[in-house]
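A.B. asks: Next one to model:
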Amino acid sequence: MNKTLLIFLLFSFQIFGQNESEVELKPLKLIDTISEESTIDYLKEISVYEDNNHFIVMDFNHNEGLFFLQKKYDIWKVYELDYEFFLGKKTKIVTVEKMREGFIDIQINRSIIDECVDIYGFMFLLNIELLETIMFSNFYNQVCYDEKSKKKVKVCRAEFEIINGILFIKSEKLPNDGLSCIETGEFMLQGGKYIRIN
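C.D. replies: As a prediction, this is how the structure comes out:
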């Protein structure tokens, strides 16, 4: 996978399902630079992920969100993953695991409760060489009860794999199930977009 490091992020929240033929990458927003070691040491203490030249925090300068820090020479650059649903007290990081070489799996849960209990999931790819992200809706779990208190559960999951620059997505999504989850497909990165090729 040459020198490109991709970070795989899974998040939970609400989004519409995707059946697009192409999905555009979104650039990270550079918000600060840090050279003071004491500041970096503090941020590492509160980080949810850390390796030699990168770490991730959910709070930066008293702002909630998800922030990616990358070391370039003696300076740390701070980028914000500019997605509003990282905010809020209902957002909780459940796990942070290194999946395979170059990938990190971060599961963030957020549920919405109305007539049903809904948990939404997202797959984020963070390319730290290009400093761009892309998001796919990859999980949906819905539990509803009818007027007789009978439980009805619907679930959709999608898994991904990247082989030779092609993103393969295998989804359990059923036709007309009403769940927000990406469908099975193959995508190739071309000109800042993942283009569906199958």
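A.B. asks: Low-confidence stretches in this protein?
C.D. replies: Low-confidence segments of the chain, defined by pLDDT under 70: 1-20, 82-92, 94-110.
A.B. asks: rerun that using 50 as the cut-off
C.D. replies: The model of the chain has pLDDT under 50 over residues 1-4, 11-17, 100-101.
A.B. asks: is the residue nearest in space to the middle of it in a bridge, and if so with what?
C.D. replies: With distances taken as C-alpha atoms, centre = their mean, Phe124 lies nearest the centre of the chain, 2.9 Å away. Under the criterion DSSP bridges, Phe124 forms beta bridges with Leu9, Met135.
A.B. asks: doesn't Thr133 fall inside a strand?
C.D. replies: Yes: using DSSP: H, G, I helix; E, B strand; the rest coil, the assignment for Thr133 is a strand.
A.B. asks: Could you report the neighbour count for it?
C.D. replies: 22 (other C-beta atoms under 10 Å). Just so you know, the C-beta spots here come from the backbone N, C-alpha and C atoms, and that holds for glycine as well.
A.B. asks: can you pull the contacts of it?
C.D. replies: 25-26, 28, 81, 124-127 (C-beta atoms under 8 Å, 6 or more residues apart in numbering).
A.B. asks: Same check on Asp146?
C.D. replies: Lys152.
A.B. asks: ok, it to Lys77 distance?
C.D. replies: Distance of Asp146 to Lys77, given as C-beta to C-beta, to the nearest Å: 52 Å.
A.B. asks: Just give the nearest non-adjacent residue to Tyr79, would you?
C.D. replies: Leu28 (3.9 Å; C-beta to C-beta, 6 or more residues apart in numbering).
A.B. asks: before we move on, back to that, just curious, which of the contacts of Thr133 is nearest to Ile46?
C.D. replies: Set against Ile46, the nearest of the contacts of Thr133 by C-beta to C-beta is Leu81 (16.4 Å).
A.B. asks: Using the three-state scheme, assign Asp41.
C.D. replies: Asp41 ends up helix, using three-state DSSP.
A.B. asks: Show me where the protein has its helices.
C.D. replies: 37-45 (DSSP state H).
A.B. asks: looking at it, which residue lies furthest from center?
C.D. replies: Lys148 (37.3 Å).
A.B. asks: Tell me who's in contact with the residue nearest to Val23 when sequence neighbours are not counted.
C.D. replies: Of all residues beyond its chain neighbours, the one nearest Val23 is Tyr194 (5.0 Å), with distances taken as C-beta to C-beta, 6+ apart. Going by C-beta under 8 Å, 6+ apart, Tyr194 touches 22-23, 25, 134, 167, 187-188.
A.B. asks: Is there a quick PyMOL command that grabs whichever of the residues you listed are buried?
C.D. replies: Entered in PyMOL, the line below selects the buried ones among the contacts of Tyr194, by 16 or more other C-beta atoms under 10 Å:
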select buried, resi 23+25+134+167+187
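A.B. asks: a markdown table for the contacts of Tyr194, including distance to Tyr49?
C.D. replies: Formatted as a markdown table, the contacts of Tyr194 follow (distance: C-beta to C-beta, whole Å):
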| residue | distance to Tyr49 |
| --- | --- |
| Glu22 | 29 |
| Val23 | 24 |
| Leu25 | 21 |
| Ile134 | 19 |
| Leu167 | 22 |
| Phe187 | 25 |
| Met188 | 28 |
